[in-house]
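Novice: Below are the sequence and a predicted model for it; my questions follow.
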Amino acid sequence: MRDAYPEFATDPSDEEIARDWTLTTDDRAEVLRCRGDGNRHRFAVQLCALRASGRFVDDFATMPVRIANHVGHQLGLPPTLFMEPPDRYATAAEHSHRIREYLDYRPFDDEAQERLRQWLSERAADGVLSSTLVALAIPTLRAWKVELPARSTLERMAGALAVRGEEAMWTRIYERLPPAFCAGVDGLLSLAKGEHRSTLFDLKQYPPDARPATITEYIERYELLRSVGAEKLDLSGVVGAEVMKHLADFGRRYDVDDLKRFAPAKRYALVACFLVEAQKTILDHIVDMHREYLTGMSRRARNHLDQRHRDIRQRASKGLSTLLRAMDIILDGAMPQESRVLALYMEVDEAKLREAVTSCRELDDLSDHGYFEELLNRHSHLKRYLPAFLALPFRIEPGSEVLLSAIELGRRLSAGARLPEDAPIGFATGIWRAAVSTEDGGRDRRLWELALAFAMRDALRSGDLYLAESRNHVSFWNLVHSTDDWQKKRTDAYEKLKLPADGNHALDRLRAELEQAARDLSAGLGSNPFATLRDGRLEYCIRCTDPVFRG
């Protein structure tokens, strides 16, 4: 991560300037030992730079004007637009040596370099990436109070160590792979007779539009990975999640011929990491395609329903006037009842009357049940993949047990069972709850399956339903920290962070620290140059006359 290397802010905030570029009384005394305003200015800037970031300023011309003037103001120097470089290399070297002694720092010499190399080698043995090693090296050197070397120096060291660690990682992964899995990998890398692409190549492809055939194909790919044994691979103690993705990306990048040229340890390790990650990706694709297909099916149903509404409404609007005229005749109080029907048929044709009634009734039925009728017309398409989709290893969060029961019932229906009259409907919400029940209290199987499919879509989106083997649709708490992983790391984490394991003790300590900080703040407000109480409110300020800070 290039961002891990500390850089000096080009547009620092007031808080950053006050925190990182303010000289103490002892600092100023050390600075004043230098001769000349320019040397004092550069010495003070370098002192603050080393203390704040662990490294010296390489080029004074790049120092922001606000920082240069803030430091200069504390030394009584006039404002400047830029800082001059040192006149003599010997002077700059002497200043660096004095600043290191003053701050108890040491240079990045051969001894420090070897110490860092050994420390990073231990981390690289776990397969840590080069960028991560750089990110780990920086706070470590600062904790050792060793001046940071150039970014390129750290990156070269980390890169070389990461390569050696990666090679050792391949061997450790290979040793954990069962022979049956390696034989399955060989099958994925081979070309069937008459085929131009390997099965491994197909596993690298992204899905096209969400269609029943595509969803079925990806479910079959998931089952293929399970048959190879990718589901049972446990590399958690050998390789971390970040390194796993890194190696999986390598495996995706190489074609079959490249992989076959690699040594067995590298070949099987790369393919194993790729298959573990591919299984997660495929499950995510399946869930996403299920959501997209149902959303599209619902949209198409509503669009077709709207078109039917427009067509029927046109016919019904013509028949409505006929029905109103007929009702006016029937309800005419001035005419005897026995004469009303005769008068009706004399004025309104019976065929037109029946046609008007049919049109209005069709419009009424369409308003109540049209959407579900449209979905039922598409039920056969859903059934092309729904049985295989239901067979996936779904899990639930507490409170969604009724949905899991419905999924298990859906699996039995796919195997030939009949839908019982008391089939669960608690998973259905909104308009689906009434739709799945018939007038006699029974269940409409097709609507029940549709309701289940939509309920699973919504539950997967909310996290109430999940696939533990996927990447994005897992349990919420697994995203935070898996239970097994936390149990392994819990004790060490509390000891490393120096936190009490008991929550009440932690709160007591935080309360005591807060109260002590408040007392310290109150006691020091009178002499605090950066904060003051004004009208009962705490305000931040910089008490200086530097024009950079005015206004």
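Specialist: It's in.
Novice: contacts and neighbour counts: CA atoms only from here.
Specialist: Noted.
Novice: Quick check: the residue lying farthest from the centre of the chain vs residue 390, distance?
Specialist: Within the chain, the residue lying farthest from the chain centre (C-alpha atoms, centre = their mean) is residue 336, at 77.6 Å. Residue 336 is 66 Å from residue 390, where distance means C-alpha to C-alpha, to the nearest Å.
Novice: With residue 530 instead?
Specialist: The gap separating residue 530 from residue 390 is 64 Å, by C-alpha to C-alpha.
Novice: The two: who's more crowded?
Specialist: The neighbour count for residue 530 versus residue 390, taken as other C-alpha atoms under 10 Å, is higher for residue 390 (19 against 14).
Novice: and this structure, what are its domains?
Specialist: Listed by automatic domain parsing, the domain ranges of the chain are 2-103, 110-175, 176-294, 297-382, 393-478, 485-540.
Novice: Turn the ones you listed into JSON lines, columns for mean pLDDT.
Specialist: Supplementary listing: the domains of the chain in JSON lines, determined by pLDDT from 0 to 100:
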{"stretch": "domain 2-103", "mean pLDDT": "90"}
{"stretch": "domain 110-175", "mean pLDDT": "88"}
{"stretch": "domain 176-294", "mean pLDDT": "87"}
{"stretch": "domain 297-382", "mean pLDDT": "74"}
{"stretch": "domain 393-478", "mean pLDDT": "87"}
{"stretch": "domain 485-540", "mean pLDDT": "80"}
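Novice: OK, contacts around residue 407?
Specialist: 390, 452 (C-alpha atoms under 8 Å, 6 or more residues apart in numbering).
Novice: To clarify, my last question referred to residue 243.
Specialist: So residue 243 contacts 127-129 (C-alpha under 8 Å, 6+ apart).
Novice: Relative to residue 129, how far out is it?
Specialist: On the measure of C-alpha to C-alpha, residue 243 and residue 129 end up 7 Å apart.
Novice: can you pull out the strands in the stretch 451-551 of the chain?
Specialist: Taking DSSP state E, counting those that start in this stretch to define them, one finds strands in the stretch 451-551 of the chain at 465-467, 531-534, 537-540.
Novice: Which elements pack onto the shortest one?
Specialist: Looking back up the chat, that one is strand 465-467. strand 394-396, helix 445-462 (3 or more C-alpha pairs under 8 Å, 6 or more residues apart in numbering; DSSP states H and E).
Novice: moving C-terminal of the first one, what's the next helix or strand?
Specialist: Towards the C-terminus, the helix or strand next in line after strand 394-396, according to DSSP states H and E, is helix 401-414.
Novice: re the thing from before, the helices and strands packed on strand 465-467: which one's closest to residue 177?
Specialist: Closest to residue 177 of the helices and strands packed on strand 465-467, according to C-alpha to C-alpha: strand 394-396, at 26.5 Å.
Novice: Now the closest one: buried residues?
Specialist: For strand 394-396, a neighbour-count test (16 or more other C-alpha atoms under 10 Å) marks 394-396 as buried.
Novice: cool, and stretch 231-247?
Specialist: Within stretch 231-247, the residues that count as buried by 16+ other C-alpha under 10 Å are 231, 235, 239, 243-247.
Novice: Switch these over to a markdown table; also include distance to residue 62 and secondary structure.
Specialist: Shown next, in a markdown table, are those (distance: C-alpha to C-alpha, whole Å; DSSP: H, G, I helix; E, B strand; the rest coil):
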| residue | distance to residue 62 | secondary structure |
| --- | --- | --- |
| 231 | 54 | helix |
| 235 | 48 | coil |
| 239 | 42 | coil |
| 243 | 37 | helix |
| 244 | 40 | helix |
| 245 | 38 | helix |
| 246 | 36 | helix |
| 247 | 39 | helix |
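Novice: Same list (the residues you listed) but as TSV, adding distance to residue 17.
Specialist: Shown next, in TSV, are the buried residues of stretch 231-247 (distance: C-alpha to C-alpha, whole Å):
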residue	distance to residue 17
231	53
235	47
239	42
243	38
244	41
245	40
246	39
247	42
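Novice: Name the nearest of the residues you listed relative to residue 205.
Specialist: Nearest member of the buried residues of stretch 231-247 to residue 205, counting by C-alpha to C-alpha, is residue 245, at 16.8 Å.
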